[in-house]
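*Asks:* need a structure here:
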Amino acid sequence: MAKYGLCLLALALVFTACGGGSAGATPKATFEAMKAAGEKKDGGALYDLLSPDAQKKVAAQLDQMKATPVDQMQAEVKKQMEEQFGMTFDEMKKMSARDFMAKMFAKMSDEDLKEVKDTVFVSEKIDGDKAVVTTKQGDTEDTLQMVKIDGKWFLADFD
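*Replies:* This is a model prediction of the structure:
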């Protein structure tokens, strides 16, 4: 199932209220930009808020999916891709990681959108060029790892 980790990544980002924009001067500002882009269903802007290392990880996962022969993909996964994300496997194979995220988030469900809107910033803990942002949605708290690059904060990872 690791081959389909990018789909899981998109869902994980939705559930932690990630959305996009331009990286902020503070971790909270980047969270707010992520949330705003999530509310706009702008996965391309979210991709732009990922650190270069996180972008490489997304691209590697997409490349792994692209390398899967169509006949080896589970019919259920192919159907999910077409129904939920509005793309065929062949279309996905031609996309960049940024374009793939943009397409996926454009098709975000109203339920997922509500989760993005309901997620709030709780706190940030900065240690040099790394930070942990705590968010809350309902009774559930989650954390986002961020990294400072050239004076701006980016989402460092999505595990």
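*Asks:* Packing partners of the longest strand along the chain?
*Replies:* Selection of the longest strand in the chain by residue count, based on DSSP state E, yields strand 140-149. With contacts taken as 3 or more CB pairs under 8 Å, 6 or more residues apart in numbering; DSSP states H and E, strand 140-149 sits against helix 27-39, strand 130-137, strand 152-155. All C-beta spots, glycine's among them, are computed from the backbone N, C-alpha and C.
*Asks:* Which positions within the strand or helix carrying M92 qualify as buried?
*Replies:* Per DSSP states H and E: M92 is located in helix 89-93. For helix 89-93, burial by neighbour count (16 or more other CB atoms under 10 Å) applies to 89, 92-93.
*Asks:* Can you tell me which of the residues you listed is closest to K107?
*Replies:* The nearest member of these to K107, counting by CB to CB, is M92 at 12.6 Å.
*Asks:* Residue ranges in this structure under the pLDDT threshold?
*Replies:* 1-21, 70, 72, 158-159 (pLDDT under 70).
*Asks:* Report the contact partners of V122.
*Replies:* Applying CB atoms under 8 Å, 6 or more residues apart in numbering to V122 gives the contacts 134-136, 141.
*Asks:* Which secondary structure elements does the helix ranked longest in the chain sit against?
*Replies:* In the chain, assigned by DSSP state H, the helix with the most residues is helix 52-66. Secondary-structure packing of helix 52-66 (3+ CB pairs under 8 Å, 6+ apart): helix 5-15, helix 89-93, helix 97-106.
*Asks:* Show me what counts as buried in it.
*Replies:* So, applying 16+ other CB under 10 Å, buried residues of helix 52-66: 54-55, 57-59, 61-62, 65.
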